[in-house]
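**Q** fold the following, please.
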Amino acid sequence: MDNWEEQLINWLNQTENNFNNFCDEITQELEKTATNTELFIDNITKEIEQNIPPQIEEFLLQIDDFFEQSMIFLSEEILSHILEDFPPSPPSEDDLENHGSIIWFDEEKVNPDHNFHPACMGCKNYHGRRYNGNLLVCGIHPYGWRDENCPDWQED
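**A** Got it, this is the predicted structure:
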């Protein structure tokens, strides 16, 4: 019977040694994995630092070019059509000297009556001049008031 006790002790010692070897191997593998993970993260970080900023810069340049092209389109195609409806700017002193008289607005004043802007009759705010073919009734109500009782009427 002494023999079985010795075998049990040998078996337990061998199991302990195997377990310790297993733990050492696991520790080494975890250290390798941690080192490889650290290297992988470093490589990705370097790649991002090298590649992403130029891509972002290229993207920003494309956005800048898009806005520039949009502004050119707006100014050439759309703004010119919008400005057709506005009166020209008043003549400068150079224009008057070089070209004589320039008509900026019709000299003739359009006077209101009972059929045409009746709320404006006798009002000091009434302007009644045409600019580029468009009548400016007054500065408060550029198109005139809709009935005969303008809230901003003031005696002339």
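**Q** how about low-confidence regions in the chain?
**A** Judged by pLDDT under 70, the chain has its weakly predicted residues at 1-2, 79-107.
**Q** center of the protein, which residue is that?
**A** residue 67 (9.9 Å; C-alpha atoms, centre = their mean).
**Q** gap between that one and residue 155?
**A** 52 Å (C-beta to C-beta, to the nearest Å). (C-beta placed from N, C-alpha, C; glycine too.)
**Q** what's near enough to touch residue 9?
**A** Residues near residue 9 by C-beta atoms under 8 Å, 6 or more residues apart in numbering: none.
**Q** quick check, residue 112 in a strand?
**A** No: when DSSP: H, G, I helix; E, B strand; the rest coil is applied, residue 112 is found to be coil, with no strand at that position.
**Q** could you give the number of residues near residue 78?
**A** For residue 78, the neighbour count with other C-beta atoms under 10 Å is 10.
**Q** list the contacts of residue 150.
**A** Contact analysis of residue 150 by C-beta under 8 Å, 6+ apart lists 119, 120, 123, 141.
**Q** so which strand or helix has residue 10?
**A** helix 2-73 (DSSP states H and E).
**Q** ok, so of the contacts of residue 150, who is nearest residue 33?
**A** Nearest to residue 33 out of those is residue 141 (C-beta to C-beta; 80.0 Å).
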